[in-house]
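Student: attaching a predicted model along with its sequence, questions to come.
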Amino acid sequence: MQWSGVFVIVPGITLLLWCVRDFYVSGKGTLAPWDPPKNLVVVGLYRLVRNPMYLSVLTLAAGWTIMFASPVLAAYTAALAAGFHLRVLLHEEPWLESKFGGEWQRYRLEVSRWRPRISPWRGDT
């Protein structure tokens, strides 16, 4: 085992929990399809990138890949990234457009899907 993977796993878990909290507190909903957010979540890490929860999960999976030095886990992480991208494109973004309209459009134009901003989006642009 490569214990250096812990240095990737711990931030992945921490960032994931931060995202889940913001989803619940700011979004007034959960990750469950039967209780989606009632508000567009644009706080915390969502001010830097539109999909921090998926990036957190990928960070966690990358940490496991490092920890176990596993080509199989590396392939799994790559497949997971591709799956997340397709889910975002085909399901989540159209749903956000229909649910939040202009608010989503403003946010989408300012905050990248996958590449974090250098400075947090303030929503006033």
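Tutor: Structure received. This one's a predicted model, so the numbers in the text were calculated from it and none came from an experiment.
Student: low-confidence ranges in the chain?
Tutor: 124-125 (pLDDT under 70).
Student: skipping adjacent residues, who's closest to residue 97 in space?
Tutor: residue 104 (5.6 Å; Cβ to Cβ, 6 or more residues apart in numbering). (Glycine included, C-beta is placed from N, CA and C.)
Student: which residues sit in contact with that neighbour?
Tutor: If you count contacts by Cβ atoms under 8 Å, 6 or more residues apart in numbering, residue 104 has them with 40, 96-97.
Student: dump those residues into JSON lines; add neighbour count as well.
Tutor: What follows is the contacts of residue 104, written out as JSON lines (neighbours: other Cβ atoms under 10 Å):
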{"residue": "40", "neighbour count": "17"}
{"residue": "96", "neighbour count": "21"}
{"residue": "97", "neighbour count": "13"}
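Student: I'd like to know how many residues surround residue 12.
Tutor: 19 (other Cβ atoms under 10 Å).
Student: skip the chain neighbours and tell me the closest residue to residue 100.
Tutor: Distance criterion Cβ to Cβ, 6+ apart; nearest residue to residue 100, sequence neighbours excluded, is residue 40 at 4.6 Å.
Student: just checking, that neighbour touches residue 96?
Tutor: Yes - using Cβ atoms under 8 Å, residue 40 is in contact with residue 96, at 7.1 Å.
Student: what does the host helix or strand of residue 63 rub up against?
Tutor: For residue 63, the host element (DSSP states H and E) is helix 52-68. Residues from elsewhere that reach helix 52-68 (Cβ under 8 Å, 6+ apart): 1-13, 15-16, 18-20, 23, 31, 44-46, 49, 70, 73-74, 76-77, 80-81, 84, 88, 114.
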